[in-house]
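Enquirer: sequence and predicted structure are below.
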Amino acid sequence: MRAGTRRETVAGPAGRIECAVDEPPSAPRGLALIAHPHPLFGGTLDNKVVQTLARAFVELGYAAWRPNFRGVGASEGRYDEGRGEVEDLAAVLHHAKAVDPVLAGFSFGAAMQAKLGTKVAAQRMVLIGVAVTNFEVPPVPPGTLVIHGEVDETIPLQAVLDWARPQELPVLVVPGADHFFHRKLPALKQAVTGNWR
């Protein structure tokens, strides 16, 4: 992502978890844990949406942790259909001694963070292109920032609205954006930083 990115290895339930960590220039105001898209479809901690989220949180003063899920990059283990992946995220939080973290994720990673949010206390959640058509995504706390591309061809906007409606949860739509926010990453970053409190 940038020169200051360091790699850290965390002990997880299926072995080593590889993480990229970016720190703000001064003492961080907290930790943002950012989860990447589906491991079986090329998702990694270097995904451009995940990197954009990391940049946004560093700009907001957070330490941004991006783990590779089990079986991706140098992370050990193999894909566990969303069960072990939630345990991996929890292991990273434990290792980093995170108190009241921000849970953020993209696509599969957003669905995993919603699941983790039922088990740990989080300061806030940021879900981008949340994979509601592929996974059972639990309700999330009020104040969760949900961002979706208007022309997402992978997870239709309508499906996310149907998931959000019973929760009375607003969805921020980025006009013209597809699932991967091609040519819309600056708008995505602004959607996060501009809607932070």
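Expert: Received, thanks.

Enquirer: now do the nearest residue to Glu23 once chain neighbours are set aside, the pLDDT please.
Expert: Closest residue to Glu23 apart from its sequence neighbours, by Cβ to Cβ, 6 or more residues apart in numbering: Ala63 at 5.1 Å. Yep, even glycine has a C-beta here, placed from its N, CA and C like the rest. pLDDT recorded at Ala63 is 97.

Enquirer: and the one 3 residues further on, by the same measure?
Expert: The predicted local confidence for Arg66 comes out at a pLDDT of 98.

Enquirer: surely Pro139 meets Ala164?
Expert: No - Pro139 is beyond contact range of Ala164, at 9.4 Å (criterion: Cβ atoms under 8 Å).

Enquirer: quick one: which of these two has more around it?
Expert: Ala164 (20 against 14; other Cβ atoms under 10 Å).

Enquirer: so which strand or helix has the more buried one?
Expert: Under DSSP states H and E, the secondary-structure element containing Ala164 is helix 157-164.

Enquirer: off-centre distance for that helix?
Expert: Centroid displacement of helix 157-164 relative to its chain, using Cα atoms, centre = their mean, to the nearest Å, is 18 Å.

Enquirer: and the contacts of it?
Expert: The contact list for helix 157-164 (Cβ atoms under 8 Å, 6 or more residues apart in numbering) reads Val130, Val132, Thr133, Val137, Val146, His148, Gly149, Glu150, Val151, Pro170, Val171, Val173.

Enquirer: check stretch 15-24 too.
Expert: 1-2, 4-11, 45-46, 54-55, 58-59, 61-68, 70, 72-77, 88, 91-92.

Enquirer: and it, average pLDDT?
Expert: For stretch 15-24, the mean pLDDT works out to 98.

Enquirer: per-residue confidence at Phe197?
Expert: You called it Phe, but residue 197 is Arg. According to the predicted model, the pLDDT of Arg197 comes to 77.
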